[in-house]
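> can't give you the sequence, but here's the structure:
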Ligand code: SF4
């Protein structure tokens, strides 16, 4: 799709803060919509309640036993945005190189502005590696990301998640007990999972998306599998098909389906595995023919995007360039001009030399920040309803100020530690991903596995 030439007049400045947009909606100053008026409150309001809290995942079922956050001291709940800003800056200055603050792309602007690094989960875990002397890594993201940083950091380093209730509803959809049970059932169907056939392939290679718990990464590492990101999913599937007859992909069905489809895997050979049904809800013939078994997981942020939104964007903005994340449903990815990871989206916008209109299908905090950073372009979120990720939203500047000031006082709070028996195989799965290279002829590995 070619870029559209739009007015070269300077655009009005875009406020990068989604919090401000929500406050404007709640005060009546903006006519836009938000998915939940509770988003105007501090997340400590929800820490004692069950569920994921307001935002995109509020309809999802949170597993029992999910980490809860203790009460945030009153002084942080009462502080204004400016007071918290000043306290965070002062605490960071006092800590100096002893701390590294990492901010995920989907974090609110009021948190991201204090981050030493901003990126996706894997970029941030790698950023932690560049600071082996930092005593503490404060990860402003969600639980699985802090676990990954703990896997890759030195044992003496503390990885801190400012709010323990910042999980990820998609990662929670693949529970380790359910995955172990799935594997046992697949063994009944395929026999010995370590046995290779005449072509040197095992029956199933497990592949997990980075957005999964350390326990799932450990499972994958123990069973000859590998981790993938949304940037390298195709390369990782090629790796897996060079070793196995089929792939068990979790937790995100959409990333698995969208990636395998581009590799030519027919949809009928991608059955869904519903962990609440015997054999995932598939019959023996379907499982025998399967090439990619898709776990029944999804991201509630990316599931909000629809083909209707794309049609509307095209009708209202002729020439608009539509880019969506591959966690979106297949029909949305198919209807978009392009799909790619958060980093792909960011780079695509940076690379546009002509003023362009972009409709973006990913989390609203990133979209709003990109719009503010690139005033020469018109950039908007495909979803007109302001509905951030429920769990990313749990990280508020109040929590960041609290964990940093506790560090200044010599106390580590909210440390995330992965036990060694999980960490060792999980690192193996991550190392396989780092070593996986795109094959010279991309189609060959898949064809060999047919
Ligand atoms: S955006 Fe989706 S995958 Fe990312 S943390 Fe939120 S729920 Fe999880």
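Nice, thanks for sending it over. Computed from a predicted structure; not experimentally measured.
> which residues in the stretch 201-350 of the chain form helices?
214-222, 233-241, 253-262, 284-289, 307-316, 330-335, 342-351 (DSSP state H, counting those that start in this stretch).
> which stretch among those helices comes nearest residue 17?
Distances from residue 17 to each of the helices of the stretch 201-350 of the chain were compared using CB to CB; the minimum, 18.3 Å, belongs to helix 342-351. Backbone N, C-alpha and C define where each C-beta goes, glycine included.
> from the chain's centre, how far out does whichever helix or strand comes after that closest one sit?
Beyond helix 342-351 on the C-terminal side, the first helix or strand identified by DSSP states H and E is strand 357-361. Here strand 357-361 is found 19 Å from its chain centre; the criterion is CA atoms, centre = their mean, to the nearest Å.
> I'd assumed residue 368 was in a helix, is it?
Yes - when DSSP: H, G, I helix; E, B strand; the rest coil is applied, residue 368 is found to be in a helix.
> check contacts around whatever residue of the stretch 51-200 of the chain ends up closest to the ligand.
Using CB to the nearest ligand atom, the single residue of the stretch 51-200 of the chain nearest to the ligand is residue 168, 3.3 Å away. By CB atoms under 8 Å, 6 or more residues apart in numbering, the contact set of residue 168 is 142-144, 211, 391.
> and this protein, what are its domains?
For the chain, the TED database gives the domain ranges 35-167+391-420, 172-299, 302-386.
> average model confidence for the first one?
Mean pLDDT, computed over domain 35-167+391-420, is 95.
> so residue 358 makes contact with residue 377?
Yes - with contact defined as CB atoms under 8 Å, residue 358 counts as touching residue 377 (6.0 Å).
> out of the contacts of residue 168, name the ones that lie in helices.
143-144 (DSSP state H).
> among the contacts of residue 168, which one has the most neighbours?
Top of these by neighbour number is residue 391, holding 30 neighbours under the definition other CB atoms under 10 Å.
> settle this for me: that one is touching residue 52, isn't it.
Yes - using CB under 8 Å, residue 391 and residue 52 qualify as a contacting pair, with a distance of 6.0 Å.
> any common contacting residues for those two?
Residues touching both residue 391 and residue 52 by CB under 8 Å, 6+ apart: 167, 169.
> can you give me the strands for the stretch 151-300 of the chain?
For the stretch 151-300 of the chain, the strands defined by DSSP state E, counting those that start in this stretch cover 158-160, 202-209, 226-228, 244-250, 272-273, 292-295.
> pairing partners for the third one, with directions?
The reference is to strand 226-228. Here strand 226-228 has these sheet partners by DSSP bridges: strand 202-209 (parallel).
> is the ligand within reach of the strand it pairs with?
No - residues of strand 202-209 are not located near the ligand by CB under 6 Å from any ligand atom, the shortest gap being 8.5 Å.
> distance to residue 80 added to the contacts of residue 168, as CSV?
Formatted as CSV, the entries for the contacts of residue 168 read as follows, by distance: CB to CB, whole Å:
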residue, distance to residue 80
142, 26
143, 28
144, 32
211, 34
391, 25
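> relative to residue 78, which of the contacts of residue 168 is nearest.
After measuring these against residue 78 - CB to CB - the closest member comes out as residue 391, at 24.1 Å.
> next one: the closest one relative to residue 61, how far apart?
Taking CB to CB, to the nearest Å as the measure, residue 391 falls 14 Å from residue 61.
> pLDDT score assigned to residue 442?
40.
> that should have said residue 296, apologies.
98.
> please renumber the chain so that the first residue is 44 from this point on.
In the new numbering, first residue 44, that becomes residue 339.
> make CSV out of the helices of the stretch 244-393 of the chain and add mean pLDDT, mean neighbour count and distance to residue 425.
As requested, those are exported to CSV (pLDDT from 0 to 100; neighbours: other CB atoms under 10 Å; distance: least, CB to CB, whole Å):
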stretch, mean pLDDT, mean neighbour count, distance to residue 425
helix 257-265, 98, 25, 30
helix 276-284, 97, 24, 21
helix 296-305, 98, 23, 15
helix 327-332, 96, 13, 33
helix 350-359, 98, 15, 4
helix 373-378, 98, 19, 8
helix 385-394, 96, 17, 12
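> residues from this structure in reach of the ligand?
Of all the residues in the chain, those lying near the ligand are 100, 149, 185, 211-213, 254, 342-344, 406, 432, 434-435, going by CB under 6 Å from any ligand atom.
> let's see it at 8 Å
Residues of the chain lying close to the ligand by CB under 8 Å from any ligand atom are 99-100, 147, 149, 184-185, 211-214, 254, 295, 342-345, 370, 406, 432-435.
> relative to residue 73, how far out is residue 87?
Computed with CB to CB, the distance linking residue 87 and residue 73 is 25 Å.
> who has more neighbours out of the two?
Taking other CB under 10 Å, residue 87 and residue 73 do not tie; residue 87 has more neighbours (21 against 15).
> residue contacts, the nearest residue to the more buried one once chain neighbours are set aside?
Spatial nearest neighbour of residue 87, chain neighbours left out: residue 115 (4.6 Å); criterion: CB to CB, 6 or more residues apart in numbering. Counting by CB under 8 Å, 6+ apart, residue 115 makes contact with 87, 90, 441-442, 445.
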